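Engineer: here is a sequence together with a model predicted from it:
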Number of protein chains: 2
Amino acid sequence: MSAIAESPLFSPLYRQISGLITRSLQAGEWKPGDVIPSEIELAQRYKVSQGTVRKAIDDLSASNLLVRRQGKGTFVATHAEEQTRFRFLRLAPDSAPGAPKPGEREPLSRRFLGCSRQRAPADVARAIGLRAGDAVLQVRRLLYFRGQPVVLDDIWLPAALFKGLTSNRLSAYRGPMYGLFEAEFGVRMVRAEEQIRAVAADADAASLLELDPGAPLLSVERVAYTYGDRAVELRRGLYDTRSHHYRNELG
Amino acid sequence: MSAIAESPLFSPLYRQISGLITRSLQAGEWKPGDVIPSEIELAQRYKVSQGTVRKAIDDLSASNLLVRRQGKGTFVATHAEEQTRFRFLRLAPDSAPGAPKPGEREPLSRRFLGCSRQRAPADVARAIGLRAGDAVLQVRRLLYFRGQPVVLDDIWLPAALFKGLTSNRLSAYRGPMYGLFEAEFGVRMVRAEEQIRAVAADADAASLLELDPGAPLLSVERVAYTYGDRAVELRRGLYDTRSHHYRNELG
DNA sequence: TAGTGGTCTAGACCACCAA
DNA sequence: TGGTGGTCTAGACCACTAC
């Protein structure tokens, strides 16, 4: 018997359990990087068998919300670790003689060009669930691979969630941007959707990316979501794909 | 995807079972669209418990090799069905008033421009595991959405695997190309990797896609694999993204 | 050695589908 | 009604990690 109220709609126990665990994550009961209680403890807490908790955790770890480590425990996934630094950046250098071997990391650096408070244009507001005119922060930055500018990002965030975010704070943080978001603002990016197009560089982008106006660029428009499928970031990126490519796996 | 360097010392039972099932698929014991034996039958056949077979099938169905249907059985995945027609085509129309609602399908048609036998150039040969000069078939085709040309594909296939493939046969087949491949040639595409770039249209592409030379196009280079991670197709696509986009999900 | 996740089993019962 | 996959349990044992 379970301690959970029966619902008129059929929902298997393990799904109810994964819902409860997600709520605890959302509420901050366990923070990114933390260990969560063992399967046996959770089974006692929710009054179900270990196998049911196991299946719930399987699902959450397939969704990249949790990470299992045999012998150690189950941890809340985080963007602040080395291995997951590029989980959302699909740009990879074209293979070439002298290029870093698989597993090695290309030298990457960044430069923040600004962080300003604005009223959200209609399209931005729609994308991140605000009303036109609501306050948003806009961040502009460049990414450099091996010293060459390759990515120009414009990022919009709801101002209400990121109070006090500045260029200086962004520059000072060591690690990926989403690591800063979860550590300083309690906003964890869980998944994202991207729309990709080919566009011609305008004068602005051309000068920042050090190429000719009209040159073809990859336009990558991303909406990122936190727990509960809540959109909290719109990002428009322009990628120079002369010596890099966007990689994707089709299953 | 590559679980290459797995320790040979320990392989769980369910993984051995999923390996045996994969071999049966590869050998054609069960063909695309067929039902495979029930979990109980497989458990008896392999002399393990139903739970172990279950876990093996879970993995294979997560890899899209099998499809479970409650109450009916477990089926070999196929490209020849309506619902999976677009599993490998990530191009979607930009949302616009008057556009088909989610779930509806954009009218799509195609035109084959040629199918010729060639000696494989070095880069093509490398991509699909042949030696330079080996015989390959090259297919060129256009895809039209709502009557407008949007995709120009150049496709290379090992001639040894696709004997007798012609433009006529391609045109005559109703359904997706990969459906023809599995039905007529016994080659089933299981997964693929894509590299995406922005390029400028050359004269040839511009005229076929009905746009100006130099216009930005999405270049999508795909290598598709069959069972056993064997590369069997190279495809270079040029997508007009003025009113469509390549969609992707990041988990 | 103790605790964690990982595997495997056996059996009961539920939800879905077809004849 | 009988067969399929789906859920849930209980318990045994294995593999990995830390102390």
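Structural biologist: Arrived safely. Residues are numbered from 1 along each chain as shown, chains lettered A, B, ... in the order given.
Engineer: how about A:I155, nearest residue that isn't a chain neighbour?
Structural biologist: A:V139 (4.3 Å; CB to CB, 6 or more residues apart in numbering or on different chains). For the C-beta atoms, the positions are set from N, CA and C on the backbone; glycine is no exception.
Engineer: buried stuff in the helix or strand that contains that neighbour?
Structural biologist: In the assignment (DSSP states H and E), A:V139 maps to strand A:135-145. Neighbour counts over strand A:135-145 (16 or more other CB atoms under 10 Å in any protein chain shown) mark A:136-143, A:145 as buried.
Engineer: what of stretch A:25-37?
Structural biologist: A:25, A:30, A:32-33, A:36-37.
Engineer: kindly provide the distance from A:D94 to A:E184.
Structural biologist: 35 Å (CB to CB, to the nearest Å).
Engineer: would you mind measuring from the residue nearest to A:I155 to A:R235?
Structural biologist: For A:V139, the distance to A:R235 - CB to CB - is 9 Å.
Engineer: mind listing the shared neighbours of those two?
Structural biologist: Residues touching both A:V139 and A:R235 (CB atoms under 8 Å, 6 or more residues apart in numbering or on different chains): A:153-156.
Engineer: residues from the stretch 101-250 of chain A in reach of chain B?
Structural biologist: A:191-200, A:214-219, A:222, A:239, A:241, A:245-250 (CB under 8 Å from any CB of the partner chain).
Engineer: can you say which of those residues are buried?
Structural biologist: Buried among those by 16+ other CB under 10 Å: A:191-192, A:194-200, A:215-219, A:222, A:239, A:241, A:245-246, A:248, A:250.
Engineer: filter those down to the ones near DNA strand C?
Structural biologist: Checked against DNA strand C using CB under 7 Å from any atom of the strand, these give no members in range.
Engineer: mind checking which of those land in strands?
Structural biologist: Counting by DSSP state E, these place A:191-192, A:194-200, A:216-219, A:222, A:239, A:245-246, A:248, A:250 in strands.
Engineer: quick check: bridge partners of A:Q148?
Structural biologist: A:F145 (DSSP bridges).
Engineer: count of residues packed around it?
Structural biologist: 13 (other CB atoms under 10 Å in any protein chain shown).
Engineer: doesn't A:R242 make contact with it?
Structural biologist: No: between A:Q148 and A:R242 there is no contact under CB atoms under 8 Å: 9.5 Å.
Engineer: what residues does chain A have near DNA strand D?
Structural biologist: A:2, A:12-15, A:48-52, A:55, A:69-72.
Engineer: report the two of the buried residues of stretch A:25-37 separated the most.
Structural biologist: Longest distance between any two of those is 16.2 Å, between A:P32 and A:P37; criterion CB to CB.
Engineer: shouldn't A:S49 be in contact with A:I40?
Structural biologist: No: A:S49 is beyond contact range of A:I40, at 10.1 Å (criterion: CB under 8 Å).
Engineer: compare these two (neighbour count), which wins?
Structural biologist: A:S49 (14 against 10).
Engineer: now that one: how far from chain B?
Structural biologist: According to CB to the nearest CB, to the nearest Å, A:S49 stands 14 Å off from chain B.
Engineer: with A:P12 instead?
Structural biologist: Using CB to the nearest CB, we find A:P12 at a distance of 12 Å from chain B.
Engineer: list the contacts of the residue nearest the centre of chain A.
Structural biologist: Residue closest to the mean C-alpha point of chain A, counted by CA atoms, centre = their mean, is A:M189 at 4.0 Å. With contacts defined as CB under 8 Å, 6+ apart, A:M189 is in contact with A:79, A:88, A:178, A:181-182, A:224-226, A:232-233.
Engineer: so which of those comes closest to B:S63?
Structural biologist: Nearest to B:S63 out of these is A:F88 (CB to CB; 23.0 Å).
Engineer: how about the closest one, secondary structure?
Structural biologist: Counting by DSSP: H, G, I helix; E, B strand; the rest coil, the backbone at A:F88 sits in coil.
Engineer: now render the buried residues of strand A:135-145 as TSV, adding pLDDT.
Structural biologist: Below are the buried residues of strand A:135-145 laid out as TSV (pLDDT from 0 to 100):
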residue	pLDDT
A:V136	97
A:L137	97
A:Q138	97
A:V139	98
A:R140	97
A:R141	97
A:L142	97
A:L143	96
A:F145	92
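Engineer: ok, back up a step: out of the shared contacts of A:V139 and A:R235, who's the most crowded?
Structural biologist: A:W156 (23 neighbours).
Engineer: confirm it sits in a helix?
Structural biologist: No: assignment of A:W156 by three-state DSSP gives strand, placing it outside any helix.
Engineer: where does the residue nearest to A:Y14 when sequence neighbours are not counted land in three-state SS?
Structural biologist: Excluding the flanking residues, the one nearest A:Y14 by CB to CB, 6+ apart is A:K55, at 4.1 Å. Under three-state DSSP, the three-state class of A:K55 is helix.
Engineer: from A:G73, how far out is A:V67?
Structural biologist: 10 Å.
Engineer: more crowded one of those two?
Structural biologist: Set A:V67 next to A:G73 and count neighbours by other CB under 10 Å: A:V67 wins out with 17 against 14.
Engineer: any idea what the more buried one is bridged to?
Structural biologist: Bridge pairing for A:V67 - DSSP bridges - gives A:F75.
Engineer: contact partners for it?
Structural biologist: Contacts of A:V67 (CB under 8 Å, 6+ apart): A:61, A:74-77.
Engineer: distance check, A:W30 against chain B.
Structural biologist: 20 Å.
Engineer: which SS class is that residue?
Structural biologist: Here A:W30 is coil, with the state taken from three-state DSSP.
Engineer: does it really touch A:T22, like I thought?
Structural biologist: No: taking contacts as CB under 8 Å, A:W30 lies outside contact range of A:T22: 11.0 Å.
Engineer: mind splitting chain A into its structural domains?
Structural biologist: Taking automatic domain parsing as the reference, chain A has its domains at A:13-76, A:91-246.
Engineer: need the longest helix for chain A.
Structural biologist: helix A:13-27 (DSSP state H).
Engineer: wait, does it make contact with DNA strand C?
Structural biologist: No: figure legend: helix A:13-27 not in contact with DNA strand C (CB under 7 Å from any atom of the strand); closest approach 10.8 Å.
Engineer: got a list of contacts for that helix?
Structural biologist: A:2, A:4, A:7, A:30, A:36, A:42, A:46, A:48, A:52-53, A:55-57, A:59-60, A:65-66, A:76, A:227-228.
Engineer: okay but A:D134 is in contact with A:Q118, surely?
Structural biologist: No: between A:D134 and A:Q118 there is no contact under CB under 8 Å: 9.8 Å.
Engineer: hmm, back to that, list the residues that contact both of A:S49 and A:I40?
Structural biologist: Shared contacts of A:S49 and A:I40, counting by CB under 8 Å, 6+ apart, come down to nothing at all.
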